[in-house]
Every structure is written in C-alpha cells, then in structure tokens.
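coordinates only, sequence not included:
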C-alpha cells in the first residue's frame, strides 16, 4: 500500500499540477471518455495539460556544480527505479506489500530528504530560480511562461487581476513583460539567426537570468535602463510591414538600375515584411526621397517631407556635432528645392526656419531681406519676417518695427494694385480674381498685426487712429477718378480738418463730409461773387470766409496764450521758489532724491508700483486720439501744463498714419477689416471667418487676454461640471487673468463701436452680422453687460430707428426679435417675427431667400422657450418649420400643423436640399442655404427622431469637398450645430457617436473653441480623465495652437491637476517656435506660479523668459512690476526700466515738475510709451500730501 502511494506521489510531481485529484480518483479506474464527460468545465483549460518539463530542464542547469558529482549516482538509480515502478504500476492491479520493497522505499525517502537538506543549507542566499518558475509563484490567470516551447491557440493574455508586488517594488515584474524575438524569416540563414541571438542574447529570458550576477539579480528584477538602451540601439533590427505601393510614373529615360543589396524580406498577404535596423531605415528612406525628388522635382510635398525626415534623424543623434551636420544637410536639400521652385512660399519658409537654427540674428535678417526683395508681394513671407524681427529681444525697437510694417504694407499693397490692374485690363469685368482677394485679405491681416503691435506696445490712440484712417480711406473714398497721390492729398485735407471721424459722434464718412464741404465752398463762392458784382472791379486777393475765421481765431488764441504765458511765467518763478522744498519732500516720499547725483537710482519699489498703476489707468482711459485744434488742449494756467502735455501727445497727425494707408477693391477684404475692428475692441460679433483661416490664427496668437468667446465657452462647461461637485475649490483658467478692466467692457468703447458699425452699414447695407454687432454694442454701452437691470431691451430704440430707415430689411427684424427674446420679452419677439414673415411675399425677389434665416431663428427661439411650464413653444416651432418646408404662405400660429402639412414639409425639405447639391458641390455655400438645412434637421428631430436629423446633417457634409469644407465659415457653423445637437441629447443617444463626431470635427477644425468645449463636457461626464489627457496631448502634438493648449490647461486646472503636469503643459506649449511669442500663455504661466502654485521664484524666472520672448508687450512688463514687486529688487526693476529705454525716468519726473520744459518732456515721452505715467506719479504724490 505504501509503495502504491509513493508511485502515485512520484507521478503527480512529474505530470500533474493538482496531485490531490489523483489521490481521490486513480487514472486506471476512469476511462478517457468517462473522464471527459464527468470532468468540470474549468478543468478543460490547456494549462492543466501543460508539459512543464521544459521549464524544469531550463531551471536544472542553474544548479551549483558541487552537487553534480554527489548526486549523479543517486539520479541514475532513481531513474531506473522509477521506470520499473512505473511499469509495475501499469501491470499490477493491486499494490504489493512485502518487507523487501518497504525497506527499499524507506531508504529512498531518506536519500531524498538528505538531498533536499543539502540544497537548502548549501545556497541560503542565492536566488531560487526553481521557485521563480514554479506554479506557486505564478499569477493565477497567466497560463504560459515567456519563451516556453509549448504551443497554444491564444498567443496573448490579459491580466485582469493586479499583482500586489508591483506596488511593493514600484514597477512591473520582469518576466511579466512582453519580449519579442527577431523575426526568423525563411530567407534568413540559421547562422545569421544564431549570431543575432548571441549579439542580443541579453534580451532572452534564459540568458537574462544567467548573465546577471548574484548582487544584481534582486536589483534588476524589473525592466532596467540596460534593456531600454538595447531596444533603442541603431543596429537592432526590427520587423516592418509595408503595404502595396502605387507605381510612380518615371518621366526620365530608361535606365538599368544597380542591383540592390540583399534584403531579408518576405511577402505576406500582399504586404512586404522587411527586417531592418534604424540605419537601414535611414538608408532606405534616403534612397526613396532621392529617387522621388529626381523624378518629381516640382512636387513641394516631397521636398518638405525629405526635410522633415532630416529632423527625425537629427533627434536620434546624441552628439551636437552630428546634429549640426544633419542640419547642414537639411539646408542643402531646401536650397536645392527653392532653386527648382523659386515661387514656393512653403519651401522658403522652411528654409528660413532652418537658417534660424544655424545663423546669427544679423545674418538671418540679411537673408530675409534678400528673399523679400525677390518676393515682395508675398504676405506670408512678410508676416513670418515680422514675427521673427519682433521677437528678437536684442534688436527690438518700436521705431524699427514701424518702418518694417510700413515697408510690408506698401509692398503688398503695390502687388495688389498691380494684379488688380492686370485682371481689370485682361477681362474688363467688375469681378475680382480670387488671387487678388486672397492677397488683399493677407494685407488686412498684416495691417491688423500693426494695430495690435501699437496697442500692446502702449500706443492705444495710434492704433485707434490707424483703424479710423484706413476704414475712411478704403470704405468711404469719394467716387472720383483719382490717382493714389491725389487721393492721399485729398485725404490729408480731411484728416487735418475738424471733421468727425468714424466712431466719433456726428461722423458722416469721408465722401459725405467732402460733399458737404464742397457744397459749403460753392455757397461761399456764390456769396462772394454776388458781393463782387455789386462792388464792381478787381479788389485784390481774398481768402474764403472759413479760412478767415480760422485765421482770426488762431490769432486771437495766440495772443491770449502769449499773455497767459507771460503772466504764468512770472507767477511760476515766484511759486517755484516757495514750493521747491515741498516738491523735493514729495519726491523723497515716492523714492526719488531730486538733489542726488546723476548716478543715483530709485530706492523704493513703491515708486514703480505707483507708476505701473498710473500706466494701467492711462491705458484704460486714454485710447482715443484727439484733435490738435480741440478745446481739450489749453494752456490757461500753469497747474494744468502736465495734463495738457499728455493731451498733446494724443494728437495723431496725418504723417503718423500716411505710410500705412492702402486701397481695398474686394468686398471680402473690406468686410474683414470692419469685422476685425469689432473683434479688436471686444465687440460681440457672429462668426465671420473660419477658424482655419490666417486671420483667426493671427488673432489667437497675438492675444494678451482671454477673449469673450473662449471665456463664455469655458464658463458654460464649468457651470455644468460644478453641479457634479467634482472639485469646486479649484481656480479655473478663465478667472486667472480676470480683472475689472478685462471683464467689464468700457461703455465709451462700446459707444465707439456702435457709431463705427452704424456708419459701416452704409457700405454694407442689410448685413445682419454688422446689424447684430451694432445692437449688442448699444446694449453693452447702456447696461455694462448686466442684463438684469431692466426688462426693456436697451437696443429697442436703435432697432426701431434702423427699421424705420429700411423697412424691407426683414433680417434686421429677426436680429431685433432675437435680442428681445434674450431679455425675456418672448411675446414682443413673436410679434416682430410674425410681422417680418408675413411681409415677405411683398418684398423684392433678391430679398426673399433670406426668409429661411428668419424661419430658423424663430424656431430656435421657440424651442429655447420650451422649458417654461404650460408652454406651446414646441407646437409653434412645428408650425414654423412646416411653413418653411412646404412653401406655404406664413400665417401666425393658431394650432398644431396637420399631418398632411407635415408630410408636405418633409418632402419639400428633401426637394430643396436636392436642389442645393450642385451649388454646394461647386463650393458656393451661403447663409440661407445653411439655415435651410438646419431647419430640416430640426423638423426631423421634432417629428421623426434624432436619427433622421443626424442623417440629414451628415449627408450634407458629403456634398462638399474636404478642402473646401475646411475653409468654409458656413460649413463650420453647420458642424458646430450638429455637435451641439448631439451634446444636448447625449443622454439618449449613443456616446460613441457623439465622441466620433467631436473627434471628426477637431480633425477638420483643430482650433475651434466650441468643439473643445463639447469634448471637455462629454469627457468629464462619461469618460476617465486620462483618456481626455491622451486626446489633448495628441492634438497638441499634431496641431498645436493657442486654443488647444488653453483648453488642455483649463481642464487640468479645473480637475486640480498636479503642478508637474500643469508646468509640463506650459513648457511644452512655449517650446514651440510659433507659440513662443504668445503673450497670453506667458501671462497665464506667471499668474499660475504666483497665485496657484505659490512659487514666486519660479514666477520670476518665467517673467524674465517672457519679456525676452515678447519684448513689445507693455502688459507683460507691467505684470512684473505689479505682481512680482515683492521678489524683484529695486535694482532689478530699475534695470528693467533701463532696458526698456527709461533710464532717465526719475529725472524726467524732476525736470517735468521743477522746470516744466515741454520740449524735453515731449522728447522723453516719444522714446517710449512708459514715460507717460510720470505726470500721474507726481499728481498722486501731490494728492496724497
């Protein structure tokens, strides 16, 4: 009996994983078929039949040598006895029990125990490799060891049960990581395969265990840097699969190619499997690019891909010298490409970026000047050149930048006029060539960059004057045949007069002003001629009456000023003697010692703080230019001299704007100028440009504060997520740079915008985008962005005035009705909508297509009011949409539409959308056609369901080519509507469909803020934060933009992300060459370090980096003076002022106060805009006293 048990135990150790089951049921008592029928399902796993002899053999070779001689004989005898016992077990039905067999079994058991004791005592500190491979240390769900010779149907497994040892050791277990052997293709010889295994043998499991010493086995239990280095080795060959390539037609002559080197490749399902190392890949791709560039030298994409591949190769080089050599190779490639394609702007930009990495600043600017001389009409090259020069800290000067902007504008304007003349003489048609339109749009973008530069540098009134001059010069030019020189001479007369300019009260426009001036001149001439007829004879030369009045007024004012100056000089001499000590005492209080030597400096940081606050106050108040003959400038008494001098510096002469004037012939460029004016002053305007356009990219790149559109979208997402109470205590990004000046729109600025927009409506009649902007500006100027002040719409009076002037403008009725509904006056809005839609049949034919916009707006207003209790808004919306779909005459709502009317509306929508297909295929997409499609989708949503509505919208996008889809503002609005409808119904719709739609939209419009808001909202509600982080990282890497990084940072701050993660996002964003000049990102970074991370030293380092990258931004410099004054010393603040050109700041204050030298103050103030606050500094000190 004992012998039988011993035989069963011995067999269990060699062939079974669970010996306990063998003790219960011996194998001979159950047949194979019966065992299969009665066994449990979980016993059918392949791991119970796994042969572990391979692992036992692999482990046995790591035993120590001293045990081999001692146990050799015992192993032989045990092997022979086990064979005999196994055969006896198969033949004997019952166990044999005799004394001889029992005594021999006892001796064998004693020997095995002795051998086991020797193993345990002989190697107490060694690594137990047998235990490593035993089943007791394996994870329960892993069925197969790495490098095992046993085969299985499933070659990969998922471990759903975590290993607690990973937490203890801090990383994954070495044997649980996936290992990949070299691909052993049939064409590879066994000798090469053995050599490769020997070369990289440390990657194999057995060699890995054997190669490690005793001291390293515990330390390298997990994946180490040694194996990572081997994986990145250039000679390590990897398997690459290449699909079928289309044959490239060869334009050259036939030739006999050289024999290629032998390659280890095999064909698999039509694809080519190649085994190559990194060096092999570099050689292969270089050969391919050389062949492609020879066969297709005019293809720019091939040259650009070849140059980008050099960057990839350079990143793999560990030494700087090798990277410089590859850079030289890249430059030579691009030089050859530009030689073959001299008109390619993309190749030239890539070449100049490569030069920027190698050459010095002076050499780089010299190369830029040479290229711009040859390509003076390229606005892309000029725009990139201005970015390069503007961001050079060592060469930056405001005067130099103005000259360069003037050269750029004049060069591009000359190219526009030249192309316009050529097209006009060639075709003799009023239409404008699309190339000319694109060039004029680029010219407007360069002009807007100049205005932003002047505004951000501190010259706000000059930026405003540039806008006024250009809009008057381009939009309100008199209808006269004039040369450019005559036109400028005539405009100089208008600018130097007292006539109101655009945006000011009483402005009429240049052409209207000139007509009235001519009428007045003719009337004066007629009056004078009548007087001459009565007198008779020649009476000598005479001046016009208006000129005489001006001359007499000037003479009178001059005499009065001379008398006032004489009196004030005598009085000031007496006053200065008495108040000299008082002024010196006041200056000492603010940190200035007027009696000190020339090398002394300010001793207190409070001086710079007071000065910075005064500068901010001036920027928020003094942004409008004034007239030289205005009553605002006076010299009545000596106490007002300082304020009068500041007013004098706000005078913008014609010479200040003459170099930047140009004419625009296309309506697209003119509308872009007006729309960007409204957007520049933070006015509310509908979508007027696609986010893929250069105008949008330049606008977002030059931001200093968050615009209202991004703030509103971020605030909506935050309000939705606050309801979940995830982390309401965190500081969101939209509040990081908020202040009273940034959030509250100044009423005078909104009044300026309202006046300017109303005047521009004469050039763009019945333009609902400008009409809506004017009404909103009127609201903001009256209510200051507080809609709860009164139930009466603030723009009601203005809207009624506009409707009286043009009663056929039905779209204006829709704009006004939407404003009424927004303020809660839904009944009044319905009356306006009903009146407009009822009068459409009596309007001209060219106005009737706009009815679809009215129907769509009316339906949206009703559905927006559907949340109110006891509301019939849904039935009203059905009635409105049924009328527009069926084409029936509109009548006010009485009851729900009948089923027959709904059927006609559905068929009508289908027919009208089918009629739009040919025009949309040609790329002609307008606003009323988009409104028609949105109405059809809304109708199907209310009647059939969401599926049909989404199908209509999805089919619509297929009617337009992808490239045209990317540049269409209307199609972008349509896609935003589609995503908004998906997000509103995400609870009842498939989440995967919503997710895919948003991702598809971001692929087409990667800088759209509304799509990022939808992505953040859906991800926060339905997915994990890590998934959204991966998506943001992917988009930031593929299509980096300011909007993408802002939303990534907003998500992390709202989630309370770690400081390392947020700092990493900031650093990665500012490492980009294009985004490094974003003032908004730098300001957010400084604010984050100061207020959220509470790390002033890090904020100080970021500030110095920021002013080095963006030296023109006054707001950025003032952030350092106001927010970092606690960590910046007085000497550092003085050095900053000296670097900005303000080394005589303190003494300018003393000179202005004690001497009152006007010309000296004027010269000092003209050097930089920062010195304008010195007067206020003295005034503050006097007020404190």
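Nice, thanks for sending it over. None of these values were measured; they are calculated from a predicted model. Residues are numbered from 1 along each chain as shown.

From now on I want contacts and neighbour counts done on CA atoms only, so please keep to that.
Noted.

tell me which helix or strand of the chain sits lowest on mean pLDDT?
None of the helices or strands of the chain scores lower by mean pLDDT, DSSP states H and E than helix 1158-1167, at a mean of 34.

Name the residues of the strand or helix carrying residue 1030 that are buried.
Following DSSP states H and E, one finds residue 1030 within helix 1025-1038. Buried residues in helix 1025-1038, counted by 16 or more other Cα atoms under 10 Å: 1028, 1032-1033, 1035-1036.

ok, so of those, who is nearest residue 733?
Using Cα to Cα, residue 1032 comes nearest to residue 733 of those, at 16.0 Å.

And that closest one, how far from residue 373?
41 Å (Cα to Cα, to the nearest Å).

Could you give me the buried positions within stretch 806-820?
808-820.

To clarify, my last question referred to stretch 965-973.
Going by neighbour count (16+ other Cα under 10 Å), the buried part of stretch 965-973 is 965-972.

Now do the end-to-end distance for it.
End to end - Cα to Cα - stretch 965-973 spans 11 Å.

start the count at 492, not 1, going forward
Sure thing, new numbering starts at 492, so read that last one as stretch 1456-1464.

Over it, what's the mean pLDDT, rounded is fine.
Averaged across stretch 1456-1464, the pLDDT comes to 92.

next helix or strand past the helix or strand encompassing residue 804?
In this structure, residue 804 is located in helix 791-806 according to DSSP H and E. Later in the chain than helix 791-806, the nearest helix or strand by DSSP H and E is helix 811-831.

name the helices or strands packed onto that next one?
When contacts are defined as 3 or more Cα pairs under 8 Å, 6 or more residues apart in numbering; DSSP states H and E, helix 811-831 sits against helix 791-806, helix 836-849.

got the buried residues for stretch 1391-1409?
1392-1393, 1395-1397, 1399-1400, 1404, 1407-1408.

likewise stretch 1312-1320?
So, applying 16+ other Cα under 10 Å, buried residues of stretch 1312-1320: 1312, 1314, 1316-1317, 1320.

what does stretch 1594-1602 rub up against?
Residues from elsewhere that reach stretch 1594-1602, judged by Cα atoms under 8 Å, 6 or more residues apart in numbering: 881-884, 887, 1567-1570, 1573, 1577, 1604, 1607-1608, 1611.

Okay, and which of those map to helices?
881, 1570, 1573, 1577, 1607-1608, 1611 (DSSP state H).

Farthest pair within these?
881 and 1577 (21.4 Å).

Same drill for these two, tell me which one is more crowded.
residue 1577 (26 against 22; other Cα atoms under 10 Å).

The closest residue to that one other than its chain neighbours - how many residues pack around it?
Excluding its sequence neighbours, the residue lying closest to residue 1577 (Cα to Cα, 6 or more residues apart in numbering) is residue 1590, at 5.1 Å. Using other Cα under 10 Å, residue 1590 has 24 other residues around it.

Spit out the contact partners of residue 1590.
1576-1578, 1580-1581, 1615.

Now pLDDT and distance to residue 829 too, for those residues, in JSON lines please.
Formatted as JSON lines, the contacts of residue 1590 follow (pLDDT from 0 to 100; distance: Cα to Cα, whole Å):
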{"residue": "1576", "pLDDT": "94", "distance to residue 829": "39"}
{"residue": "1577", "pLDDT": "94", "distance to residue 829": "41"}
{"residue": "1578", "pLDDT": "92", "distance to residue 829": "44"}
{"residue": "1580", "pLDDT": "92", "distance to residue 829": "45"}
{"residue": "1581", "pLDDT": "90", "distance to residue 829": "47"}
{"residue": "1615", "pLDDT": "84", "distance to residue 829": "48"}
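
Helices of the stretch 1042-1191 of the chain, start to end?
Secondary structure of the stretch 1042-1191 of the chain (DSSP state H, counting those that start in this stretch): helices at 1096-1112, 1132-1140, 1145-1148, 1158-1171, 1185-1192.
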